[in-house]
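**Q** After the sequence you'll find the predicted model.
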Amino acid sequence: MATNQPTRSLVTGGAGFLGSHLCDSLIASGHQVICLDNLFTGHLDNIAHLRANPAFTFIKHDVVEPFDFDVDQVWNLACPAAPGHYRYDPVKTLRTSVWGVMHCLEIGRRRGARVFHASTSEVYGDPTVHPQPESYRGNVNPIGPRACYDEGKRAAETLCFDYRRMHGTDIKVVRIFNTYGPRMHPYDGRVVSNFVCQALRGEPMTIYGDGTQSRAFCYVDDLIAGFRKLMDSRDGFTGPVNMGNPGEFTMLELAQAVAAELGEKDMIEHRPLPADDPTQRQPDITLAKKELGWEPKVPLREGLRRTIAWFRALDMSKYAPPSPFFEQPEAQRK
(Lines give C-alpha, C1' and ligand atoms only; values in the text may rest on other atoms or scores of the structure.)
Protein backbone atom coordinates (compact mmCIF):
# COMPACT_ATOMS: atom_id res chain seq x y z
CA MET A 1 0.00 0.00 0.00
CA ALA A 2 1.37 3.40 -0.93
CA THR A 3 2.18 5.50 2.08
CA ASN A 4 0.16 8.46 0.79
CA GLN A 5 -3.03 6.43 0.58
CA PRO A 6 -5.48 6.33 3.51
CA THR A 7 -5.75 3.08 5.41
CA ARG A 8 -8.86 1.12 4.47
CA SER A 9 -10.50 -0.31 7.58
CA LEU A 10 -13.45 -2.66 8.04
CA VAL A 11 -15.19 -2.50 11.42
CA THR A 12 -17.69 -5.26 12.16
CA GLY A 13 -20.17 -4.28 14.85
CA GLY A 14 -19.32 -0.69 13.96
CA ALA A 15 -22.68 0.79 15.00
CA GLY A 16 -22.42 -0.63 18.50
CA PHE A 17 -21.09 0.84 21.73
CA LEU A 18 -17.39 0.15 21.20
CA GLY A 19 -17.55 -0.07 17.41
CA SER A 20 -18.96 3.41 16.93
CA HIS A 21 -16.26 4.95 19.13
CA LEU A 22 -13.64 3.05 17.14
CA CYS A 23 -15.12 4.36 13.87
CA ASP A 24 -14.84 7.89 15.25
CA SER A 25 -11.19 7.35 16.11
CA LEU A 26 -10.33 5.84 12.73
CA ILE A 27 -12.11 8.55 10.75
CA ALA A 28 -10.33 11.21 12.81
CA SER A 29 -7.02 9.56 11.83
CA GLY A 30 -7.82 9.72 8.12
CA HIS A 31 -8.90 6.11 7.56
CA GLN A 32 -11.51 5.08 5.05
CA VAL A 33 -14.00 3.06 7.10
CA ILE A 34 -16.54 0.42 6.15
CA CYS A 35 -18.92 -0.16 9.06
CA LEU A 36 -20.76 -3.51 9.09
CA ASP A 37 -23.59 -4.07 11.56
CA ASN A 38 -26.88 -5.99 11.63
CA LEU A 39 -28.26 -3.47 14.20
CA PHE A 40 -29.29 -6.14 16.69
CA THR A 41 -27.42 -4.38 19.49
CA GLY A 42 -26.00 -1.46 17.49
CA HIS A 43 -27.96 1.69 16.75
CA LEU A 44 -27.90 4.07 13.80
CA ASP A 45 -27.89 7.03 16.17
CA ASN A 46 -24.38 5.98 17.23
CA ILE A 47 -23.03 6.65 13.74
CA ALA A 48 -25.47 9.34 12.52
CA HIS A 49 -22.76 12.01 12.71
CA LEU A 50 -20.54 9.96 10.37
CA ARG A 51 -23.02 9.09 7.63
CA ALA A 52 -22.35 12.21 5.52
CA ASN A 53 -18.57 11.73 5.67
CA PRO A 54 -17.30 10.45 2.29
CA ALA A 55 -14.69 8.36 4.09
CA PHE A 56 -17.39 6.42 5.96
CA THR A 57 -19.67 3.70 4.56
CA PHE A 58 -22.35 1.86 6.51
CA ILE A 59 -23.56 -1.54 5.34
CA LYS A 60 -26.26 -3.46 7.17
CA HIS A 61 -25.02 -7.03 7.25
CA ASP A 62 -24.94 -10.01 9.61
CA VAL A 63 -21.40 -11.39 10.02
CA VAL A 64 -22.77 -14.93 10.17
CA GLU A 65 -23.23 -14.56 6.41
CA PRO A 66 -20.12 -14.34 4.18
CA PHE A 67 -18.55 -10.98 3.35
CA ASP A 68 -15.38 -9.80 1.66
CA PHE A 69 -13.81 -6.37 1.22
CA ASP A 70 -10.49 -5.16 -0.11
CA VAL A 71 -9.16 -3.53 3.06
CA ASP A 72 -5.89 -3.15 4.95
CA GLN A 73 -7.29 -3.68 8.45
CA VAL A 74 -10.18 -5.72 9.82
CA TRP A 75 -11.54 -4.88 13.26
CA ASN A 76 -13.84 -7.66 14.48
CA LEU A 77 -16.14 -6.30 17.18
CA ALA A 78 -19.35 -8.02 16.06
CA CYS A 79 -20.98 -10.07 18.81
CA PRO A 80 -23.65 -9.38 21.42
CA ALA A 81 -21.69 -8.85 24.61
CA ALA A 82 -24.34 -8.27 27.28
CA PRO A 83 -26.33 -11.04 28.96
CA GLY A 84 -29.75 -9.88 27.82
CA HIS A 85 -28.52 -9.74 24.25
CA TYR A 86 -26.48 -12.93 23.94
CA ARG A 87 -29.03 -15.08 25.78
CA TYR A 88 -31.80 -13.99 23.40
CA ASP A 89 -30.52 -16.55 20.89
CA PRO A 90 -27.52 -18.44 22.32
CA VAL A 91 -27.01 -20.56 19.21
CA LYS A 92 -26.87 -17.42 17.07
CA THR A 93 -24.42 -15.88 19.56
CA LEU A 94 -22.09 -18.84 19.18
CA ARG A 95 -22.39 -18.73 15.39
CA THR A 96 -21.65 -15.00 15.42
CA SER A 97 -18.45 -15.54 17.40
CA VAL A 98 -17.23 -18.42 15.25
CA TRP A 99 -18.43 -17.58 11.73
CA GLY A 100 -17.89 -13.87 12.19
CA VAL A 101 -14.23 -14.25 13.06
CA MET A 102 -13.71 -16.87 10.33
CA HIS A 103 -15.01 -14.47 7.68
CA CYS A 104 -12.68 -11.77 9.03
CA LEU A 105 -9.73 -14.15 9.07
CA GLU A 106 -10.46 -15.18 5.49
CA ILE A 107 -10.06 -11.54 4.46
CA GLY A 108 -6.76 -11.55 6.31
CA ARG A 109 -5.65 -14.75 4.58
CA ARG A 110 -6.73 -13.77 1.06
CA ARG A 111 -5.89 -10.07 1.09
CA GLY A 112 -3.08 -9.81 3.62
CA ALA A 113 -5.09 -7.57 5.92
CA ARG A 114 -4.21 -7.31 9.60
CA VAL A 115 -7.07 -8.73 11.70
CA PHE A 116 -7.92 -7.32 15.12
CA HIS A 117 -10.19 -9.55 17.20
CA ALA A 118 -12.08 -8.28 20.23
CA SER A 119 -12.16 -11.10 22.75
CA THR A 120 -13.23 -10.76 26.36
CA SER A 121 -12.31 -11.28 29.99
CA GLU A 122 -15.20 -13.76 30.01
CA VAL A 123 -12.76 -16.34 28.65
CA TYR A 124 -11.47 -16.49 32.25
CA GLY A 125 -14.93 -17.48 33.57
CA ASP A 126 -15.20 -17.38 37.36
CA PRO A 127 -11.46 -17.00 37.94
CA THR A 128 -9.48 -18.87 40.55
CA VAL A 129 -6.48 -16.58 39.90
CA HIS A 130 -6.68 -12.90 40.83
CA PRO A 131 -5.93 -10.59 39.10
CA GLN A 132 -6.05 -12.44 35.80
CA PRO A 133 -2.93 -12.54 33.59
CA GLU A 134 -3.11 -13.62 29.94
CA SER A 135 -1.42 -16.92 30.85
CA TYR A 136 -4.40 -17.95 33.00
CA ARG A 137 -6.51 -20.52 31.12
CA GLY A 138 -9.77 -19.78 32.88
CA ASN A 139 -12.55 -21.51 34.79
CA VAL A 140 -15.54 -21.61 32.41
CA ASN A 141 -18.66 -23.74 32.68
CA PRO A 142 -19.01 -25.05 29.10
CA ILE A 143 -22.66 -26.08 29.49
CA GLY A 144 -24.00 -23.12 31.47
CA PRO A 145 -26.36 -20.41 30.17
CA ARG A 146 -23.41 -18.09 29.59
CA ALA A 147 -21.31 -20.56 27.66
CA CYS A 148 -22.61 -19.37 24.27
CA TYR A 149 -20.63 -16.18 24.78
CA ASP A 150 -17.71 -17.43 26.89
CA GLU A 151 -16.99 -20.50 24.79
CA GLY A 152 -17.79 -18.67 21.55
CA LYS A 153 -15.06 -16.16 22.33
CA ARG A 154 -12.65 -18.91 23.37
CA ALA A 155 -13.29 -20.69 20.06
CA ALA A 156 -12.77 -17.42 18.20
CA GLU A 157 -9.36 -16.99 19.81
CA THR A 158 -8.48 -20.55 18.79
CA LEU A 159 -9.37 -19.77 15.19
CA CYS A 160 -7.23 -16.63 15.21
CA PHE A 161 -4.15 -18.53 16.31
CA ASP A 162 -4.83 -21.51 14.05
CA TYR A 163 -5.09 -19.16 11.05
CA ARG A 164 -1.79 -17.64 12.08
CA ARG A 165 -0.12 -21.05 12.41
CA MET A 166 -1.58 -22.42 9.16
CA HIS A 167 -1.63 -19.35 6.93
CA GLY A 168 0.59 -16.77 8.59
CA THR A 169 -2.42 -14.46 9.07
CA ASP A 170 -1.50 -11.21 10.80
CA ILE A 171 -3.59 -11.11 14.00
CA LYS A 172 -4.01 -8.95 17.08
CA VAL A 173 -6.18 -10.27 19.94
CA VAL A 174 -7.43 -8.18 22.87
CA ARG A 175 -9.27 -9.41 25.96
CA ILE A 176 -11.65 -6.66 27.06
CA PHE A 177 -12.61 -6.17 30.68
CA ASN A 178 -15.65 -4.20 31.86
CA THR A 179 -16.00 -1.03 29.81
CA TYR A 180 -18.53 1.78 30.12
CA GLY A 181 -19.33 5.17 28.66
CA PRO A 182 -21.63 7.05 26.28
CA ARG A 183 -23.54 4.95 23.70
CA MET A 184 -24.04 1.98 25.97
CA HIS A 185 -27.38 0.37 25.18
CA PRO A 186 -29.71 1.35 28.05
CA TYR A 187 -31.08 -2.19 28.21
CA ASP A 188 -27.84 -4.07 27.75
CA GLY A 189 -28.02 -5.47 31.29
CA ARG A 190 -24.52 -4.36 32.26
CA VAL A 191 -24.09 -3.10 35.75
CA VAL A 192 -23.08 0.51 34.94
CA SER A 193 -25.99 1.10 32.55
CA ASN A 194 -28.34 -0.69 34.95
CA PHE A 195 -27.34 1.47 37.90
CA VAL A 196 -27.38 4.73 35.95
CA CYS A 197 -30.75 4.11 34.30
CA GLN A 198 -32.34 2.93 37.55
CA ALA A 199 -31.00 5.90 39.48
CA LEU A 200 -32.16 8.38 36.82
CA ARG A 201 -35.65 6.87 37.05
CA GLY A 202 -35.58 7.23 40.83
CA GLU A 203 -35.59 3.47 41.33
CA PRO A 204 -33.41 1.43 43.70
CA MET A 205 -30.24 0.09 42.11
CA THR A 206 -30.39 -3.70 41.88
CA ILE A 207 -27.48 -5.60 43.44
CA TYR A 208 -27.28 -9.38 43.17
CA GLY A 209 -25.86 -11.02 46.27
CA ASP A 210 -24.34 -8.99 49.10
CA GLY A 211 -22.58 -6.55 46.75
CA THR A 212 -19.04 -7.52 47.69
CA GLN A 213 -18.30 -9.07 44.30
CA SER A 214 -15.89 -6.83 42.44
CA ARG A 215 -15.22 -5.58 38.92
CA ALA A 216 -12.80 -3.14 37.29
CA PHE A 217 -14.32 -0.45 35.06
CA CYS A 218 -12.53 1.08 32.07
CA TYR A 219 -13.83 4.21 30.33
CA VAL A 220 -14.45 3.74 26.61
CA ASP A 221 -11.97 6.41 25.42
CA ASP A 222 -9.15 4.65 27.24
CA LEU A 223 -10.08 1.30 25.72
CA ILE A 224 -10.22 2.64 22.15
CA ALA A 225 -6.79 4.22 22.62
CA GLY A 226 -5.55 0.77 23.64
CA PHE A 227 -7.15 -0.79 20.56
CA ARG A 228 -5.28 1.60 18.30
CA LYS A 229 -1.97 0.93 20.04
CA LEU A 230 -2.43 -2.83 19.72
CA MET A 231 -3.35 -2.69 16.03
CA ASP A 232 -0.26 -0.56 15.35
CA SER A 233 2.05 -2.67 17.51
CA ARG A 234 5.15 -4.44 16.24
CA ASP A 235 4.95 -7.36 13.85
CA GLY A 236 4.85 -10.66 15.68
CA PHE A 237 3.13 -9.31 18.77
CA THR A 238 -0.26 -11.03 18.54
CA GLY A 239 -1.58 -10.92 22.07
CA PRO A 240 -3.86 -11.93 23.59
CA VAL A 241 -3.47 -8.85 25.72
CA ASN A 242 -5.71 -7.75 28.59
CA MET A 243 -7.22 -4.29 28.42
CA GLY A 244 -9.16 -2.87 31.31
CA ASN A 245 -8.80 -0.74 34.38
CA PRO A 246 -6.98 -2.53 37.21
CA GLY A 247 -8.76 -0.34 39.78
CA GLU A 248 -11.17 -2.70 41.53
CA PHE A 249 -14.59 -1.70 42.93
CA THR A 250 -17.31 -3.70 44.63
CA MET A 251 -20.88 -3.46 43.40
CA LEU A 252 -21.74 -1.51 46.54
CA GLU A 253 -18.95 0.98 45.89
CA LEU A 254 -20.09 1.44 42.30
CA ALA A 255 -23.69 2.06 43.40
CA GLN A 256 -22.47 4.63 45.90
CA ALA A 257 -20.38 6.38 43.22
CA VAL A 258 -23.37 6.59 40.84
CA ALA A 259 -25.57 7.98 43.59
CA ALA A 260 -22.92 10.53 44.57
CA GLU A 261 -22.65 11.79 40.97
CA LEU A 262 -26.42 12.25 40.87
CA GLY A 263 -26.52 13.90 44.28
CA GLU A 264 -28.89 11.20 45.49
CA LYS A 265 -28.95 8.76 48.36
CA ASP A 266 -27.82 5.31 47.25
CA MET A 267 -31.06 3.29 47.24
CA ILE A 268 -30.26 -0.39 46.82
CA GLU A 269 -32.36 -3.49 46.30
CA HIS A 270 -30.68 -6.85 46.89
CA ARG A 271 -31.56 -9.98 44.91
CA PRO A 272 -30.13 -13.52 45.00
CA LEU A 273 -26.72 -14.05 43.43
CA PRO A 274 -27.00 -16.16 40.24
CA ALA A 275 -25.07 -19.34 39.58
CA ASP A 276 -21.64 -18.93 37.91
CA ASP A 277 -21.52 -15.18 38.67
CA PRO A 278 -17.80 -14.31 38.97
CA THR A 279 -16.94 -13.03 42.43
CA GLN A 280 -13.87 -11.15 41.21
CA ARG A 281 -12.75 -9.75 37.88
CA GLN A 282 -9.63 -7.61 37.61
CA PRO A 283 -7.12 -7.43 34.76
CA ASP A 284 -3.40 -7.81 35.07
CA ILE A 285 -2.30 -5.23 32.46
CA THR A 286 1.45 -5.75 32.84
CA LEU A 287 1.73 -6.93 29.24
CA ALA A 288 -0.20 -3.94 27.84
CA LYS A 289 2.05 -1.56 29.77
CA LYS A 290 5.24 -3.27 28.61
CA GLU A 291 4.40 -3.84 24.94
CA LEU A 292 2.08 -0.94 24.20
CA GLY A 293 2.84 1.68 26.83
CA TRP A 294 -0.89 1.64 27.58
CA GLU A 295 -2.85 2.05 30.77
CA PRO A 296 -6.20 3.72 31.47
CA LYS A 297 -6.26 7.36 32.52
CA VAL A 298 -9.90 8.35 33.17
CA PRO A 299 -10.90 7.97 36.86
CA LEU A 300 -14.19 6.20 37.60
CA ARG A 301 -15.94 9.31 38.93
CA GLU A 302 -15.02 11.34 35.85
CA GLY A 303 -16.11 8.55 33.52
CA LEU A 304 -19.39 8.15 35.37
CA ARG A 305 -19.99 11.92 35.11
CA ARG A 306 -19.67 11.77 31.31
CA THR A 307 -21.75 8.61 31.07
CA ILE A 308 -24.57 9.97 33.24
CA ALA A 309 -24.68 13.17 31.17
CA TRP A 310 -25.13 11.08 28.01
CA PHE A 311 -27.91 8.98 29.55
CA ARG A 312 -29.69 12.11 30.78
CA ALA A 313 -29.93 13.37 27.18
CA LEU A 314 -30.88 9.99 25.67
CA ASP A 315 -34.27 9.53 24.02
CA MET A 316 -35.21 6.24 25.66
CA SER A 317 -38.21 5.80 23.37
CA LYS A 318 -35.80 4.74 20.61
CA TYR A 319 -34.72 1.71 22.59
CA ALA A 320 -36.50 -1.42 23.76
CA PRO A 321 -35.52 -4.28 26.06
CA PRO A 322 -33.65 -6.80 23.89
CA SER A 323 -35.10 -9.98 25.34
CA PRO A 324 -36.98 -11.48 28.28
CA PHE A 325 -33.62 -12.22 29.90
CA PHE A 326 -32.37 -8.68 30.45
CA GLU A 327 -33.81 -8.37 33.95
CA GLN A 328 -32.56 -11.74 35.18
CA PRO A 329 -29.67 -11.97 37.64
CA GLU A 330 -27.19 -12.74 34.87
CA ALA A 331 -27.49 -9.07 33.98
CA GLN A 332 -24.98 -8.10 36.66
CA ARG A 333 -22.35 -10.33 35.18
CA LYS A 334 -20.89 -7.37 33.33
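**A** Great, that's in hand. Numbering: from 1, shown residues only.

**Q** do you know how far Glu291 is from Asp72?
**A** From Glu291 over to Asp72 the distance is 22 Å, taken as CB to CB, to the nearest Å. Quick note: C-beta positions are derived from backbone N, CA and C, even for glycine.

**Q** Pro6 too?
**A** From Pro6 over to Asp72 the distance is 9 Å, taken as CB to CB.

**Q** Which one's more surrounded, the two?
**A** Between Pro6 and Asp72, counting by other CB atoms under 10 Å, Asp72 is the more crowded of the two (17 against 14).

**Q** can you pull the contacts of that one?
**A** 1, 7-9, 113-114 (CB atoms under 8 Å, 6 or more residues apart in numbering).

**Q** And for His61?
**A** 36-38, 67.

**Q** lowest average confidence, helix or strand, in the chain?
**A** None of the helices or strands of the chain scores lower by mean pLDDT, DSSP states H and E than helix 83-86, at a mean of 76.

**Q** can you list contacts of whichever helix or strand comes after it?
**A** Remark: after helix 83-86, the chain's next helix or strand is helix 90-111, criterion DSSP states H and E. For helix 90-111, the surrounding residues in contact (CB under 8 Å, 6+ apart) are 10, 12, 62-64, 66-71, 74, 76, 78-80, 86-87, 113-115, 117, 145, 147-149, 151-153, 155-156, 159-160, 163, 167, 169-171.

**Q** packing partners for the helix or strand just after helix 90-111?
**A** Beyond helix 90-111 in the direction of the C-terminus, DSSP H and E gives the next helix or strand as strand 114-120. Contacts of strand 114-120 with other secondary structure elements, assessed using 3 or more CB pairs under 8 Å, 6 or more residues apart in numbering; DSSP states H and E, are made with strand 73-76, helix 90-111, helix 147-167, strand 171-176, helix 220-231.

**Q** Parallel or antiparallel, which strands does strand 114-120 pair with?
**A** On the basis of DSSP bridges, the sheet neighbours of strand 114-120 come out as strand 73-76 (parallel), strand 171-176 (parallel).

**Q** Please tabulate the ones you listed in TSV, including the columns mean neighbour count and mean pLDDT.
**A** Conversion of those to TSV gives the following (neighbours: other CB atoms under 10 Å; pLDDT from 0 to 100):
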stretch	mean neighbour count	mean pLDDT
strand 73-76	27	98
strand 171-176	22	98
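
**Q** the domain parsing of the protein - what is it?
**A** Following automatic domain parsing, the chain resolves into domains at 8-179+218-243, 181-216+247-281+298-333.

**Q** returning to that earlier point: Val220: which of the contacts of Asp72 is nearest?
**A** Using CB to CB, Ser9 is the member of those that lies nearest Val220, at 18.2 Å.

**Q** List the first helix or strand encountered after the helix or strand encompassing that closest one toward the C-terminus.
**A** Using DSSP H and E, the element containing Ser9 is strand 8-12. Proceeding N to C from strand 8-12, the next assigned helix or strand is helix 17-28, under DSSP H and E.
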